[in-house]
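S.K.: how does the following fold in three dimensions:
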Amino acid sequence: MNTDQASYFPILMQFLLAVGFVVMTIIGSSFLGPRRKSKNKDKSFECGIESVGNARIPFSVKYFLVAILFVLFDVEVIFMYPWAVNFREMGWMGLAKMGIFMSLLVVGFFYVMKKKGLEWE
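M.R.: Here you go, the predicted structure:
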């Protein structure tokens, strides 16, 4: 076996182990799990609310706006981790750049608050 191919062997083994574990878990649970079916257990259930009516009811745009804003601010917080790890090496220039980044983040947050983007009706 070539050395380039041999370096992929641990990755292949981990992949096979993961797939094998998933397949054996699914097969094992189907054989070992209880098989009690009833009309009440087979009903759809979502977050403690009984399913009534059509599932094609449109969602409010506010729902999607809150979700997008959560992802936006969450991703911006992720950028702070590398800065915190390399804080000493970056020096004052890194502190200034992070100050600009944080001020833009705060300005964006206050803009969203002013536009009432996070208020739920």
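S.K.: ok, P82 - contacts?
M.R.: Residues counted as contacts of P82 (Cβ atoms under 8 Å, 6 or more residues apart in numbering): none. From N, CA and C alone the C-beta is placed, and that goes for glycine too.
S.K.: quick check: what element follows the helix or strand it falls within along the chain?
M.R.: For P82, the host element (DSSP states H and E) is helix 80-85. On the C-terminal side of helix 80-85, the nearest following helix or strand under DSSP H and E is helix 87-114.
S.K.: buried sites along that next one?
M.R.: 98, 105, 109, 112 (16 or more other Cβ atoms under 10 Å).
S.K.: same check, this time on stretch 59-72
M.R.: Buried residues in stretch 59-72, counted by 16+ other Cβ under 10 Å: V66.
S.K.: find the least confident helix or strand in this protein, judged by mean pLDDT.
M.R.: Counting by mean pLDDT, DSSP states H and E, the chain has its least confident helix or strand at strand 45-46, which shows a mean of 64.
S.K.: just give me the residue closest to the centre of this structure.
M.R.: V71 (8.7 Å; Cα atoms, centre = their mean).
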